[in-house]
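[1] below are the sequence and a predicted model; questions follow.
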Number of protein chains: 2
Amino acid sequence: MLTKISGGITAPQGFKAAGVHAGIKKNGKEDIGLIYSTVPAAAAAQFTTNQMAAAPVIVSRQVIENGKARAIIINSGCANACTGDQGMTDARVMAHETAKALNVDDCEVLVASTGVIGVNLPMDKVTAGITQAAAGLSENGHEQALAAIMTTDTFSKSCAYEFTLGGKQAKIAGIAKGAGMIHPNMATMLCFITTDAAIAPSLLKQALSQAVELSFNMITVDGDTSTNDMVAVLANGQVGNELITSTDSQTYREFYSVLKTVCTELAQLIVRDGEGATKFLEINVTRAVSFADAKCAAMAIAKSPLVKTAFFGQDPNWGRILCAVGYSGAKTQPDKTSLAIGDLTIVVNGQGAASFDTTKLKEVMAAKDIAITVDLGLGDASATVWTCDFSYEYVKINGEYTT
Amino acid sequence: MLTKISGGITAPQGFKAAGVHAGIKKNGKEDIGLIYSTVPAAAAAQFTTNQMAAAPVIVSRQVIENGKARAIIINSGCANACTGDQGMTDARVMAHETAKALNVDDCEVLVASTGVIGVNLPMDKVTAGITQAAAGLSENGHEQALAAIMTTDTFSKSCAYEFTLGGKQAKIAGIAKGAGMIHPNMATMLCFITTDAAIAPSLLKQALSQAVELSFNMITVDGDTSTNDMVAVLANGQVGNELITSTDSQTYREFYSVLKTVCTELAQLIVRDGEGATKFLEINVTRAVSFADAKCAAMAIAKSPLVKTAFFGQDPNWGRILCAVGYSGAKTQPDKTSLAIGDLTIVVNGQGAASFDTTKLKEVMAAKDIAITVDLGLGDASATVWTCDFSYEYVKINGEYTT
């Protein structure tokens, strides 16, 4: 039983949150967010694979090795990436100031940043903001925390569920931000999940890794893997279920299923709010020789500027989809490849379908949500990737980002 | 001695060309082009690595195995890709009709197509056009042939040179078309080169392969490797130099150097005419551990929509460049990485340069031609890639291509 509930990231028992405007963002909106578990919590996280990983990513990677954390301090408006030694010091100070204000250890605080790369944090503002956020922590602070992680997002992304776990009514909630520099590799963008379920850190790590693989790692907005990506989950066990200690248990399966639901929902919301997006595209590649091949072909379609602009312009130029499959590196055979857009069959075994009608295709492409299915006809593996189209607005947003 | 000359693709001795409007393009412009050597010629070509290779690519791959060709028949307005058995038949008919009109063998005719994917050629128009083009062949037909290969190109791309080869005055000339679905993999887009030099087919093949590797394979417009890419060179020996038969010879080095010059010049013209391009970006990656790494990092920068839109908007958001290097897969170390844009030092060993000034960077980014240099500080390999920016116009062109 999975029931949508309100209350956001603080809906699970024992969590508080806050968000304040410290002065990092120029627009006066919240730019320091804090999520706090009132009791020790198991923690797991996935980080960007970008070799230019930001300072907060490096600090948080160390913290997560313990498999536990109590707090997550986040700033928006500055990525604290490509900032050298000063950036590392600043990220550690963020953790330290948060720990001090909450009376926990530095190594129980995850640090995350998002915003412009290559600029140092205004640390006087940041430390004042941390003090203010810690003082303002509340069980109703989820909306402010959510606002504090946003950058070019046009809407906030969160979800919360109640679910049955070992006979108890547990809760899980997550918040995420996009909306550009989105391309999966381990984790993507910022996402924070809280749950009052009790689960051993090693199993939380495994569940998160699997869930991310099929959710955040299956989306792309622009093919750019950020320096700051992070997905973190805190599980504080306040619901009192018997601690999950085995992947073979019913409770692990229950928990994993819900975690995957939350990750998928938030990943899809990030794509829906992709910079300048006007369409939500689901790309299914079926009958590939392997999952890797299916994902590779689906990602090539999802990343192709030609495919993305065609969907923006509702131009029935479907050849670009097969072209992308052809250069993707996935094993393909033109005369076994079929293509459908929505429920319209376009190509069957490499030949244009007799029934194909450009007018109907234009109608299908006028929808906001569109499914593209490429059947490679070679094996039994499949993959689904989600992306958005490429619009004038994307160019505008990213041609004017820092100025 | 390398001297620019006029006369285009028919400047080398023994070449004729023609271009006619057969009715494939809706805009009334030339859409069938023909290049012809009046005597047998050595020939080499490189083709797309896209697995959805178009029918003309498959036909031409067979022709080039003989190492000789007399004619190249090209149509624009229709790619004859993803067209199944009918497409193969049509491509063979194009070769056959051309051969018949010129009184040569089918296997001496290269076939190339460019335009919309997934649409069959209007063969009645094509065959009539071939007959007309063959009848109109002339030593002054280069401009019509050049016009006939263009699609979304905003200007024509050609060059011609006279050069000294084994004491004789040889000539070489090339034409090319862009301007979208441009991403190197073996060859890119259409390019045809004629020369009256005498060179053995196997050496012509080797010289072309090396020249393409450092020219067409070093450019990208949108990361999409086309189904129809082809670079072909005909060398008919009319200048009467002693046949080049060894890569160790002075004449091979002379010939290779000129061929590489022609390929690089045309490759750069394609980027300058990239769809919607307002900037020409040269991306140098130096001190990488290998050429592959250097190219990989340079290509990641060149393909990044975030980098490309920042240059379009002249937004000094240089962090995106290092972000792209970080996810490129090339071996990098943040604290050894330096960055310059134009002659402005931005980052030294992973730290923002003290001298860095945003106002000056904006000035540098206002130029039309901009060089970006990333010094990885790890080895002694380097690579240069050329690309363009990403503008509203790119979205417009590709959102409305077929409609």
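    That came in fine, so what should we check first? Numbers count the residues shown, from 1 in each chain, chains lettered A, B, ... in the order given.

[2] and the nearest residue in space to A:Asp343 that is not next to it in sequence, how many neighbours does it have?
    Computed as CB to CB, 6 or more residues apart in numbering or on different chains, the closest residue to A:Asp343 that is not its neighbour in sequence is A:Val364, at 7.8 Å. C-betas here are computed from N, CA, C, even on glycine. Each residue near A:Val364 was counted by other CB atoms under 10 Å in any protein chain shown, and the total is 17.

[3] avg pLDDT for the helix or strand where A:Val364 lies?
    When secondary structure is defined by DSSP states H and E, A:Val364 falls within helix A:358-365. Helix A:358-365 comes out with an average pLDDT of 90.

[4] which other helices and strands contact it?
    The helices and strands touching helix A:358-365, judged by 3 or more CB pairs under 8 Å, 6 or more residues apart in numbering or on different chains; DSSP states H and E, are strand A:338-341, strand A:344-348.

[5] dump the residue contacts of A:Thr245.
    With CB atoms under 8 Å, 6 or more residues apart in numbering or on different chains as the criterion, the residues that contact A:Thr245 are A:Ala200, A:Leu203.

[6] swap the cut-off to 10 Å and go again
    With contacts defined as CB atoms under 10 Å, 6 or more residues apart in numbering or on different chains, A:Thr245 is in contact with A:Ala198, A:Ile199, A:Ala200, A:Ser202, A:Leu203, A:Thr251, A:Tyr252.

[7] what confidence value was assigned to the residue lying closest to A:Leu165 once chain neighbours are set aside?
    Beyond its immediate neighbours in the sequence, the residue positioned closest to A:Leu165 (CB to CB, 6+ apart) is A:Asn241, lying 4.9 Å away. On pLDDT, A:Asn241 comes in at 92.

[8] so A:Asn241 is in contact with A:Thr251, correct?
    Yes: with the criterion set as CB atoms under 10 Å, A:Asn241 and A:Thr251 qualify as a contacting pair; they are 6.5 Å apart.

[9] what's the overlap in contacts for these two?
    Counting by CB under 10 Å, 6+ apart, the residues touching both A:Asn241 and A:Thr251 are A:Thr164, A:Leu165, A:Gly166, A:Gly167, A:Lys168, A:Ala170, A:Ala197, A:Ala198, A:Ile199.

[10] what about A:Asp124, distance to chain B?
    In this structure, A:Asp124 and chain B are separated by 19 Å, where distance is defined by CB to the nearest CB, to the nearest Å.

[11] name the helix or strand of chain A that has the lowest mean pLDDT.
    Across the helices and strands of chain A, mean pLDDT, DSSP states H and E gives its lowest value to strand A:219-220, namely a mean of 78.

[12] pull the distance from the helix or strand where A:Ile172 lies to the chain's centre.
    Secondary structure assigned from DSSP H and E places A:Ile172 in strand A:168-177. Counting by CA atoms, centre = their mean, to the nearest Å, strand A:168-177 is centred 14 Å from the centre of its parent chain.

[13] next one: stretch A:194-208
    Distance of stretch A:194-208 from the chain centroid (CA atoms, centre = their mean) equals 18 Å.

[14] can I get the CA coordinates of that stretch in PDB?
    The C-alpha atoms that make up stretch A:194-208 are tabulated as PDB, following Å, rounded to 0.1, in the frame of the first residue of the first chain:
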ATOM      1  CA  THR A 194      14.100  11.200   4.200                       C
ATOM      2  CA  THR A 195      12.400   8.200   5.600                       C
ATOM      3  CA  ASP A 196      11.600   7.000   9.100                       C
ATOM      4  CA  ALA A 197      12.200   3.400   8.000                       C
ATOM      5  CA  ALA A 198      14.900   1.400   9.900                       C
ATOM      6  CA  ILE A 199      17.400  -0.100   7.500                       C
ATOM      7  CA  ALA A 200      21.100  -1.000   7.900                       C
ATOM      8  CA  PRO A 201      23.400   1.400   6.200                       C
ATOM      9  CA  SER A 202      24.900  -1.100   3.800                       C
ATOM     10  CA  LEU A 203      21.400  -2.100   2.500                       C
ATOM     11  CA  LEU A 204      20.400   1.500   2.300                       C
ATOM     12  CA  LYS A 205      23.400   2.100   0.100                       C
ATOM     13  CA  GLN A 206      22.600  -0.900  -2.100                       C
ATOM     14  CA  ALA A 207      18.900   0.100  -2.500                       C
ATOM     15  CA  LEU A 208      19.800   3.600  -3.400                       C
END
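
[15] for it, buried residues please.
    Applying a neighbour-count criterion of 16 or more other CB atoms under 10 Å in any protein chain shown, one finds A:194-201, A:203-208 buried in stretch A:194-208.

[16] filter the residues you listed down to the ones close to chain B.
    Of the entries in the buried residues of stretch A:194-208, none also sits close to chain B under the rule CB under 10 Å from any CB of the partner chain.

[17] among these, which two are most distant?
    Within the buried residues of stretch A:194-208, two members stand farthest from each other by CB to CB: A:Asp196 and A:Gln206, at 19.4 Å.

[18] tell me which parts of the stretch 1-150 of chain A are close to chain B?
    Proximity of the stretch 1-150 of chain A to chain B is assessed by CB under 10 Å from any CB, with A:48-54, A:58, A:79, A:81-87, A:115-120 identified as the residues in range.

[19] just the buried subset of these, please.
    The neighbour-count criterion (16+ other CB under 10 Å) marks A:48, A:50-54, A:58, A:79, A:81-84, A:87, A:115-119 among those as buried.

[20] so after the least confident helix or strand of chain A, what's the next helix or strand?
    Next helix or strand after strand A:219-220 toward the C-terminus (DSSP H and E): strand A:230-235.

[21] is the lengthiest helix in chain A anywhere near chain B?
    With residue count as the measure and DSSP state H as the assignment, chain A has helix A:250-272 as its longest helix. No: Helix A:250-272 does not reach chain B (CB under 10 Å from any CB); its nearest approach is 15.1 Å.

[22] quick one on the thing from earlier: and the strand holding A:Ile172, average pLDDT?
    Model confidence over strand A:168-177 averages 90 on the pLDDT scale.

[23] got the contact list for the most far-flung residue of chain A relative to its centre?
    With CA atoms, centre = their mean as the measure, chain A has its most outlying C-alpha, relative to the mean C-alpha position, at A:Ala354: 40.6 Å. The contact partners of A:Ala354, taken as CB under 10 Å, 6+ apart, are A:Thr345, A:Val348.

[24] so where do the helices sit in the stretch 51-200 of chain A?
    A:55-64, A:84-102, A:123-135, A:142-148 (DSSP state H, counting those that start in this stretch).

[25] what's the closest of those to A:Ala340?
    Across the helices of the stretch 51-200 of chain A, the minimum distance to A:Ala340, taken as CB to CB, is reached by helix A:142-148, at 37.4 Å.

[26] which elements pack onto that closest one?
    Under the contact criterion of 3 or more CB pairs under 10 Å, 6 or more residues apart in numbering or on different chains; DSSP states H and E, helix A:142-148 touches strand A:15-20, strand A:32-47, strand A:68-78, helix A:123-135, strand A:157-165, strand A:168-177, strand A:190-195.
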